[in-house]
Every structure is written in structure tokens, then in C-alpha cells.
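**Q** Need a 3D model of the sequence below.
(one chain, ligands or ions: 1)
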Amino acid sequence: MLRGQRTIFEGVRHAMPNETLTITDNRTGKTYTLPIDKDAIRAIDLRQIKTGPEDFGLLSYDPAFQNTASCQSAITFLDGDRGILRYRGYPIEQLAEKCSFLEVAYLLLNGELPGPDELDEWIANVTRHTMIHENLKKFMEGFHYDAHPMGMLMSTVAALSTFYPEARSIHDAATRKLEITRLIGKMPTLTAYAYRHSLGLPYVYPDNDLGYTKNFMNMLWRRTEPKFSANPVLARALEVLFILHADHEQNCSTSAMRAVGSSFADPYATTAAAIAALSGPLHGGANEEVLRMLDEIGSKDRVPAYIEQIKAGRGKLMGFGHRVYKNYDPRARIIKQVAEEVFEVTGRNPKLDIALELERIALEDEFFVKRKLYPNVDFYSGIIYQAMGFTPDVFTVLFAIPRTVGWLAQWQEMLLDGEQKIARPRQLYIGKPARQVVRIEEREAPAAMLATVAR
Ligand code: ACO
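**A** Predicted structure coming up:
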């Protein structure tokens with residue numbers, strides 16, 4: 001080993017000898033060799049790089065976590081450059097074609113697809129938990145008629161925490177299993193109640209003879225008929241959309257789920273935090289924004305002018321771009337097919353023509369090509385949901401129902417990961433150095449200070 005060279009290589013069991021990174025700190029001239037494992041170095045290994053004994057050690061600075069893996073996960077594989085998405089190793093295209101949503105939910109939570117017996121048991125368990133406590137209706141009733149459904153969902157999921165205080169036993173496997181099943185069972189019911197509340201319609205209780213999505217449609221749309229009969233094409237389309245939205249590794253809401261869950265908050269409080277993260281227009285809220293954008297554009301001939309506006313820096317093309325996909329989002333490709341099937345039943349949504357024209361022009365335009373901006377999952381989902389009869393403010397809750405499965409799978413994985421601790425990033429402090437407090441009577445007017453803060 002060279003003079004001044006430090007290594008922590010010995011501490012790593014699986015790394016090959018050449019799987020290392022050698023860094024020279026030009027401040028001190030010292031060289032350090034850090035192990036590389038799974039194409040990553042550990043940020044904590046940088047801490048040994050110091051200019052002297054008083055130095056805290058080197059930090060890595062990564063606003064918005066653009067190049068930081070926060071965990072190891074065996075749930076979802078995503079290759080953004082090649083447009084690949086797999087749940088537990090299975091390609092999303094095959095899962096969307098061959099499986100039901102609850103099969104995929106079982107896969108995400110347990111690691112393997114269920115056999116027929118396991119699936120029957122899983123469906124029976126989820127179905128058993130679709131009812132919600134009558135008192136929860138009072139929470140719903142407290143909301144104004146035009147309350148946003150995401151706000152209602154977030155609040156009522158958080159309220160469930162008070163109905164099931166035993167959920168706090170997050171380290172007990174049986175309790176976790178029960179609460180996960182409970183929450184997956186109740187999400188469609190809460191969503192349907194929020195939807196009907198906004199329309200002033202009476203709530204419809206779950207029908208346990210129906211499957212997950214058909215029962216959801218029943219709770220949304222049943223009027224006076226004794227038994228709701230869902231259109232099978234639309235029910236299957238919803239099922240596919242649920243599968244596509246079920247997980248997407250460490251996205252904003254899942255990171256919120258893991259971060260909040262790392263404090264050992266119960267799964268209801270934690271899921272409410274994830275719902276909050278999903279509600280933003282840069283994340284799950286984008287599907288709603290896409291429809292508003294298409295409304296604003298109004299007709300196909302106005303697309304070029306709209307694109308020019310975006311290129312001039314006035315707003316973003318909603319439903320375009322992704323932090324990880326720098327190639328076509330594979331979910332968007334499947335959704336486009338689903339749209340055709342849905343329109344066979346509902347008639348073509350005229351917004352589709354505007355969306356197709358937007359996509360066509362954007363994919364040829366240097367501005368979007370250079371930035372690798374492609375349609376994401378939200379670009380077409382809203383058009384389908386609208387054709388099915390949903391209003392735009394409900395779109396993001398339709399995302400939250402299936403994503404709850406992914407959140408819970410990731411939450412459980414985080415709890416069982418011996419390496420995880422409470423999430424607590426570092427910061428680079430750029431504020432004032434230490435200074436003395438001056439009593440009010442001797443203090444100068446803070447005008448100059450406030451101007452600095454406002455900037
Ligand atoms: N329209 C126009 N320009 C865009 C768009 C867009 N939709 N998305 C990114 N850009 C531009 C940025 O302005 C930036 O340009 P610059 O290099 O000239 O500054 C460049 O492309 C890179 O964009 P970033 O913001 O660095 O990309 P990031 O990875 O941080 O953001 C995000 C990803 C948030 C999804 C972004 O593309 C976006 O805001 N898209 C619109 C909202 C959307 O559809 N969100 C849904 C995402 S999918 C999901 O969450 C389910």
C-alpha cells in the first residue's frame with residue numbers, strides 16, 4: 001500500500017479486488033481506496049477523507065437524490081435508458097397481459113406469483129377488509145362538496161390510524177400482514193366514498209361477489225339497480241392501469257413512504273404521507289394536469305403554438321419527461337393500446353387527437369429530443385379515465401389505489417432491512433456563522449436582513 005493510502009476494503013466481503021475506487025484528496029495529497037459494490041460506493045466511506053482530526057469528513061452533496069441509492073431493493077427493476085420495467089423480475093408487459101391486479105399485488109408483496117390456492121386466500125382476505133367503519137363516513141361528510149379527492153383520501157387514510165391503534169406494532173409480522181391487507185382492501189372504498197361525496201350521491205357498500213376492480217366500479221357508479229354489472233372491457237382496462245401503476249421503485253412518494261416509515265410511524269400515517277407526495281403536479285398529479293393542458297390547447301391545429309410556448313420556457317408539457325426514463329416509458333406504450341380498447345366501448349375521446357399530435361410534434365422537435373423527453377405513464381392515462389367517466393380531479397386517486405401496494409411492499413422491505421435506520425440526510429450549511437444576540441433596544445432595524453431572506 002502506498003504511503004498515506006487508507007483502505008476499508010477489508011470490511012467488504014463480496015467485492016472483487018479490482019472493484020475499488022481510488023481517490024486522491026488534492027488538499028492533503030492522501031489517496032484512499034474505496035470498495036465498489038453493485039456499481040456503487042458507500043457515501044459513508046467518504047467520511048474518512050479528512051484534512052485533519054477536527055475535520056468532520058467529506059460528504060456527498062446530491063440535491064433531489066439524482067445519483068444516490070437510498071436502499072437495496074428486490075422489488076422493482078427499472079432501466080430508464082432501455083425503457084425496461086420489471087416487478088420481481090417479471091416484465092411489466094407480461095404482467096399486464098396475463099395477470100390480475102391482485103396477483104400482481106401478491107407478487108410485489110411476497111416476491112412470487114401466487115398459485116391458485118394462495119390467490120383464492122389472498123382475494124378472500126382483501127375482500128374481507130373492503131368495508132370501512134361507519135364513523136369514517138363522518139370524516140367524509142366534514143369535507144366541502146368540492147374538496148379535492150386526494151385531500152379526502154389523504155386525510156381519511158391518516159384517520160384510519162386512530163381506528164386501528166394496534167397497527168403501531170410494525171415489527172410484528174402478523175400485524176403487518178393484517179394492516180397491509182386491510183389498507184389494500186379499503187383504498188377503493190375510501191376513494192369511491194370521496195368520489196360520491198363530491199357528487200352528493202349516497203355511498204355504496206362493497207359487493208363481495210365482485211372482484212377488486214369490478215367492486216370498485218360498483219361503489220363508484222351503482223345507482224338504483226340491485227346489482228351493478230361492470231363492462232368487462234372497462235374493468236380489464238382499469239385492472240391493467242392498476243398493474244402499471246402498482247410500483248415504480250424509489251420515486252418521490254415511495255421515498256416519502258420509506259422516509260416517514262423509517263421513524264416507525266404506523267402504516268396509515270406513513271401511507272398518508274406517501275399520498276401527499278403523490279398529489280403534486282410533478283408526480284401523480286400530472287395526469288390531472290395533462291387533461292387541463294389538453295383543454296387549454298383545445299384543438300389539434302393549436303398544438304404547434306403550444307409547443308412553441310413550452311420551448312420559450314412558459315410552462316412544462318405535462319405528462320412528458322421522467323427523472324429515470326430517458327427513453328420511451330414502457331407503461332405509456334401499454335396504456336396507448338388500452339386506450340384503443342376503451343374507446344371501442346366508450347367512443348373516441350376527442351382529446352386523444354390533440355395528445356397524439358402533441359406527441360408526434362414533440363418527438364420530432366430538437367428541444368424535446370435533446371432533453372430526452374418522452375410521454376410518461378400519465379400522458380394517456382387521464383384520457384382513458386375521462387372516457388370511462390371520471391372527472392380529472394379523481395385521476396390521481398386512481399393512481400394512489402394501486403400504488404398503495406408498492407408503497408406497502410417497499411415499507412415492509414425497509415423495515416426488514418437491517419441496514420436501514422431513521423432517514424436523516426445531512427446538509428451543507430450556507431447560513432450565517434456564529435454570532436451574538438443583541439437585545440431589542442440595542443438592535444438595528446432588520447430591513448437589510450429581511451431583504452436577504454426574501455431573496
Ligand atoms: N416539458 C418541457 N420541458 C421539460 C419537461 C417537460 N415536461 N420536463 C423536463 N423538461 C426540461 C427541463 O426544463 C430541463 O431543461 P433545461 O435542461 O433546459 O433546464 C430538462 O428538460 C431536464 O429536466 P429536469 O427538470 O432536470 O428533469 P427531472 O428529472 O428533474 O424532472 C420531471 C422529471 C419532474 C418528471 C419533469 O420531466 C416534469 O416536470 N415533467 C412534467 C410533469 C410530469 O409529467 N410528471 C409525471 C412524471 S411520471 C410520475 O411521476 C408518475
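**Q** use CA for all of it now, contacts and neighbours both
**A** Fine.
**Q** Show me the shaky parts of the chain.
**A** For the chain, residues meeting the criterion pLDDT under 70 lie at 1-17, 448-455.
**Q** buried set for stretch 283-299?
**A** Within stretch 283-299, the residues that count as buried by 16 or more other Cα atoms under 10 Å are 283, 284, 285, 286, 287, 288, 289, 290, 291, 293, 294, 297.
**Q** Chain neighbours aside, what residue packs nearest to the second one?
**A** Of all residues beyond its chain neighbours, the one nearest residue 284 is residue 278 (4.8 Å), with distances taken as Cα to Cα, 6 or more residues apart in numbering.
**Q** can you map out the strands along this protein?
**A** For the chain, strands defined by DSSP state E occupy the ranges 6-7, 20-25, 30-35, 76-79, 84-87, 90-91.
**Q** and the ones you listed as JSON lines, adding distance to residue 244 and mean neighbour count?
**A** What follows is the strands of the chain, written out as JSON lines (distance: least, Cα to Cα, whole Å; neighbours: other Cα atoms under 10 Å):
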{"stretch": "strand 6-7", "distance to residue 244": "44", "mean neighbour count": "17"}
{"stretch": "strand 20-25", "distance to residue 244": "37", "mean neighbour count": "14"}
{"stretch": "strand 30-35", "distance to residue 244": "36", "mean neighbour count": "21"}
{"stretch": "strand 76-79", "distance to residue 244": "12", "mean neighbour count": "16"}
{"stretch": "strand 84-87", "distance to residue 244": "10", "mean neighbour count": "22"}
{"stretch": "strand 90-91", "distance to residue 244": "11", "mean neighbour count": "16"}
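**Q** now those strands in a markdown table, with distance to residue 105?
**A** As requested, the strands of the chain are exported to a markdown table (distance: least, Cα to Cα, whole Å):
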| stretch | distance to residue 105 |
| --- | --- |
| strand 6-7 | 43 |
| strand 20-25 | 38 |
| strand 30-35 | 36 |
| strand 76-79 | 12 |
| strand 84-87 | 10 |
| strand 90-91 | 13 |
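**Q** separation between the closest residue to the ligand within the stretch 151-300 of the chain and residue 276?
**A** The nearest approach of the stretch 151-300 of the chain to the ligand comes at residue 283, 3.4 Å away (Cα to the nearest ligand atom). Residue 283 is 10 Å from residue 276, where distance means Cα to Cα, to the nearest Å.
**Q** repeat for residue 315
**A** 23 Å.
**Q** And those two? Which one has more around it.
**A** residue 276 (19 against 11; other Cα atoms under 10 Å).
**Q** Quick one: residues contacting the more buried one.
**A** Residue 276 makes contact with 150, 154, 253 under the criterion Cα atoms under 8 Å, 6 or more residues apart in numbering.
**Q** Now for the second one, how many residues are close by?
**A** Close neighbours of residue 154, defined as other Cα under 10 Å, add up to 22.
**Q** contacting residues around it?
**A** Residue 154 makes contact with 272, 273, 275, 276, according to Cα under 8 Å, 6+ apart.
**Q** Skipping adjacent residues, who's closest to residue 280 in space?
**A** Nearest-residue entry for residue 280: residue 286, 7.5 Å, with adjacent residues in sequence omitted and distances by Cα to Cα, 6+ apart.
**Q** oh, I was asking about residue 220
**A** The spatial neighbour of residue 220 that comes closest, neighbours along the chain excluded (Cα to Cα, 6+ apart), is residue 192 at 5.1 Å.
**Q** now swap in residue 77 and tell me
**A** Going by Cα to Cα, 6+ apart, residue 77 has residue 86 as its nearest residue, at 5.1 Å.
**Q** For the one you found, give the beta-bridge partners.
**A** Beta-bridge pairing of residue 86 under DSSP bridges involves residue 77, residue 91.
**Q** Residue 436: neighbour count?
**A** Neighbour tally, residue 436, other Cα under 10 Å: 5.
**Q** For the ligand, see how far away it is.
**A** 40 Å (Cα to the nearest ligand atom, to the nearest Å).
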